[in-house]
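In: got a predicted model here, sequence first, then my questions.
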Amino acid sequence: MKTLQNKVVVITGAGSGMGRELALLASSRGAKVAISDWNPDGLDETVSLLKARGATVHSSVLDVSDRDAMGAYAQTVFDEFGVVNMVINNAGVSMTGDFEDMTYEEFDWIVGVNFDGVVNGTKEFLPHVIASGDGAIVNLSSLFGLVSMPGQSAYNATKYAVRGFTEALREEMLVNGHPVTVTCIHPGGIKTGISRNGRKTEGQDGASIDKIFEEKLARMPADKAARIILDAAVKGRARQLVGIDAHILHHFAKLAGSRYQDIVAMSSKKVIPAKGKTARR
């Protein structure tokens with residue numbers, strides 16, 4: 001894929017953050033965009049911004065964890081545009097807290113959005129992307145799909161799963177000779193509302209966690225991250241790290257080997273707020 005001009009780009013989680021910036025950037029490069037989000041208000045805001053710029057846009061309120069809904073959405077997008085060239089499975093949520101304090105329902109929720117949502121979006125759109133003759137699948141993992149962090153066991157699990165799934169899918173596209181590139185994206189701290197809009201286990205100091213993320217960890221503006229992601233997608237790169245923190249921690253973990261886990265565990269005690277007395281057992 002050399003250009004996005006007149007291509008159809010599907011973006012999930014486009015009601016805010018990187019998803020919104022990806023939609024705005026793709027449309028500015030000549031793409032027709034199909035966007036979705038579970039939040040109708042955020043989605044409407046993105047649609048308004050796109051239409052103000054003269055973009056061609058299709059929008060749907062969508063829960064990416066709902067397989068049947070994703071199937072219907074994929075068919076609707078194809079029926080409207082007649083082709084799908086790129087799918088960016090961007091929708092994601094956070095679930096902060098130690099695994100011992102987490103309920104099955106909380107764990108299943110994040111798996112449903114972060115991993116099942118990527119699987120559903122890929123599975124339902126893949127036939128259309130292959131048929132386009134000029135296709136790309138772009139799946140959002142995370143820096144936490146390369147290194148693990150305490151308090152992020154569920155998030156880590158989903159993002160490592162996205163990485164493994166995406167890398168194997170890319171190999172399958174190469175083996176079968178399909179005209180589809182597959183890119184796995186690993187953002188570091190991006191200025192979005194993912195922590196503020198995410199969930200925390202019982203007993204966590206949510207306000208402190210959000211403050212640490214937004215003031216100390218989220219360094220890169222979402223629009224800059226979107227440019228890096230979209231450039232990597234168009235070029236068909238297998239993997240793209242986003243942000244200096246992603247590059248530093250990834251290389252640190254490779255050099256330290258499994259010992260990085262001990263270093264991270266010790267360092268995190270100085271940063272992560274202590275659990276309250278009401279933590280679930």
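Out: That came in fine, so what should we check first?
In: mind listing the helices for the stretch 151-281 of the chain?
Out: In the stretch 151-281 of the chain, the helices defined using DSSP state H, counting those that start in this stretch lie at 153-175, 206-212, 222-235, 244-256, 260-268.
In: Q5: which of the ones you listed is closest?
Out: Ranking the helices of the stretch 151-281 of the chain by distance to Q5, with C-beta to C-beta as the measure, places helix 222-235 first at 10.8 Å. (Each C-beta comes from the backbone N, C-alpha and C, glycine too.)
In: elements contacting the closest one?
Out: Applying 3 or more C-beta pairs under 8 Å, 6 or more residues apart in numbering; DSSP states H and E, we find helix 222-235 packed against helix 17-28, strand 86-89, strand 135-140, strand 180-187, strand 190-191, strand 239-242.
In: for these, which one ends up most surrounded?
Out: Neighbour counts (mean count of other C-beta atoms under 10 Å) averaged over each of those peak at strand 86-89, with a mean of 28.
In: and that one, which strands flank it?
Out: strand 8-11 (parallel), strand 135-140 (parallel) (DSSP bridges).
In: quick one: M18 and L24, what's the gap?
Out: Noted for M18: a distance of 11 Å to L24, by C-beta to C-beta, to the nearest Å.
In: quick check: neighbours shared by the two?
Out: A226 (C-beta atoms under 8 Å, 6 or more residues apart in numbering).
In: before we move on, the earlier item: which of the helices and strands packed on helix 222-235 has the lowest mean pLDDT?
Out: Ranked by mean pLDDT, these end with strand 190-191 in last place, scoring a mean of 88.
In: follow-up on the earlier one: in TSV: the helices of the stretch 151-281 of the chain, plus mean neighbour count, distance to E106 and mean pLDDT.
Out: Output for the helices of the stretch 151-281 of the chain, formatted as TSV (neighbours: other C-beta atoms under 10 Å; distance: least, C-beta to C-beta, whole Å; pLDDT from 0 to 100):
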stretch	mean neighbour count	distance to E106	mean pLDDT
helix 153-175	18	7	98
helix 206-212	15	14	78
helix 222-235	19	26	97
helix 244-256	15	26	94
helix 260-268	13	20	92
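In: surely I229 meets G19?
Out: No. The pair I229 / G19 is not scored as a contact, 10.4 Å apart, by C-beta atoms under 8 Å.
In: this completes my enquiry, with thanks.
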